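Chemist: Here is my input; please provide its structure:
(one chain, ligands or ions: 1)
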Amino acid sequence: MKNDTLLFTNDFSESGFVFAPFDSEQKAILFPLENSEFITEKLFLDAFIDQEKTFFADEAAKENHIKLVDKTIKEIKKNDLKKVVVSRTEQLEITDFSLLAVYQKLLQNYTNAFVYVWFHPKVGLWLGATPETLLEIENSVFTTMSLAGTQLYKDTVDVVWKSKELNEQQLVTDFIENQLSGISSQLKIDKTETARAGSLLHLKTKVTGVLNQKSTLKTLVSALHPTPAVCGMPREKAKKFILENEYYKRSFYTGFLGEINIKSLKFKTQSSSLFVNLRCMNINKNNASIFIGGGITKDSNAAKEWEETVSKSNVMKRVL
Ligand SMILES: C=C(O[C@H]1C=CC=C(C(=O)O)[C@@H]1O)C(=O)O
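Modeler: Got it, this is the predicted structure:
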């Protein structure tokens, strides 16, 4: 961006880079293409795998998160909720922070993630390495994914998943299929596979289709965001529970970011690539706020859900 004016998308019809919050009632920030500069560089980095490092957990944070998960399970059993993704934030004091070094480590550690650094003087500095694609679309052909369920990677992706994780992820796939069926054709749901994201494994199902002529990028974004991978089912009820019960404001965590409506005259295409803002952090002076969450269903165990957020927090802690 060539100046510090804060601009927003009107309807996702502009060209540029968007940064959208979790709460879809709030506008997404836009760096318009015409005010931006494109620099492409090929990087050759060695893998930097430092997965053994673990960190001490904060007992008060543990107690709070377990309380929130227990409350969520009760709410699911009492009301018509099938799943709610609840999250927390952790504050870390960072000394000798080097943006370049941290960004490089993210790139080295998370080779199949979307690794980014985003900064606006009026909003702040965000960075992350997300394994989740919200959508990729070229002309009208799109790809999205259902990503949920977590276990630690222990030298193999050939693992067994428990029914809690299988159900939790199936729910996301069903939601995506249902949301897309009215606005697209040739919908194809691939076989579910285990996908590695650094030291973690997730269940992932690729979904492809063709967007109807009447539908726009905004229609597609609104249909998908937020999926039950970051919010819950039913969507509005889960979102209300999250906004009222989490101990902090998510802001851009579990929102999405990426390029929209980038035209290629050579290939006669227009494409957009948006990613869900997971495994991310917000840097403010010598403080890093990291954000981590997990899907809760009636079968969840609060202590295990806590451990899952600890494993996810290590993704960021290891590179800081
Ligand atoms: C909400 C997060 O992860 C989501 C994506 C993959 C697996 C998830 C899970 O197992 O709960 C979450 O749905 C997060 O990393 O903060």
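Chemist: Assumed Asn64 was part of a helix.
Modeler: Yes - in this structure, Asn64 lies within a helix as judged by DSSP: H, G, I helix; E, B strand; the rest coil.
Chemist: tell me, how many neighbours does Asp43 end up with?
Modeler: No Asp there; residue 43 is Leu. When neighbours are defined as other Cβ atoms under 10 Å, Leu43 has 7 of them. No exception for glycine: its C-beta is placed from N, CA and C like everyone else's.
Chemist: Next up, the contacts around it.
Modeler: Leu43 sits next to Leu107 when contact means Cβ atoms under 8 Å, 6 or more residues apart in numbering.
Chemist: Show the contacting residues for the nearest residue to Thr95 once chain neighbours are set aside.
Modeler: Leaving out its chain neighbours, the residue that sits closest to Thr95 by Cβ to Cβ, 6 or more residues apart in numbering is Asn286, at 6.4 Å. By Cβ under 8 Å, 6+ apart, the contact list for Asn286 reads 93-95, 97.
Chemist: Mind putting these into CSV with neighbour count, secondary structure and distance to the ligand?
Modeler: Output for the contacts of Asn286, formatted as CSV (neighbours: other Cβ atoms under 10 Å; DSSP: H, G, I helix; E, B strand; the rest coil; distance: Cβ to the nearest ligand atom, whole Å):
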residue, neighbour count, secondary structure, distance to the ligand
Glu93, 10, strand, 22
Ile94, 16, coil, 20
Thr95, 6, coil, 25
Phe97, 15, coil, 22
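Chemist: Any chance of a markdown table for the residues you listed, columns distance to Asn167?
Modeler: Listed next are those as a markdown table, based on distance: Cβ to Cβ, whole Å:
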| residue | distance to Asn167 |
| --- | --- |
| Glu93 | 39 |
| Ile94 | 38 |
| Thr95 | 43 |
| Phe97 | 40 |
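Chemist: out of these, what pair is the most spread apart?
Modeler: Maximum pairwise distance in the contacts of Asn286, criterion Cβ to Cβ, is 10.0 Å, between Glu93 and Phe97.
Chemist: what's the burial count for the residue nearest to Ser36 when sequence neighbours are not counted?
Modeler: Leaving aside its chain neighbours, Ser36 sits nearest to Met1 (5.9 Å; criterion: Cβ to Cβ, 6+ apart). Other residues near Met1 come to 17 when the count uses other Cβ under 10 Å.
Chemist: I'd like to know how far Met1 sits from Arg196.
Modeler: Using Cβ to Cβ, to the nearest Å, one gets 34 Å for the distance from Met1 to Arg196.
Chemist: How about Thr144?
Modeler: Taken as Cβ to Cβ, the span from Thr144 to Arg196 is 19 Å.
Chemist: Having no further points to raise, I will conclude here.
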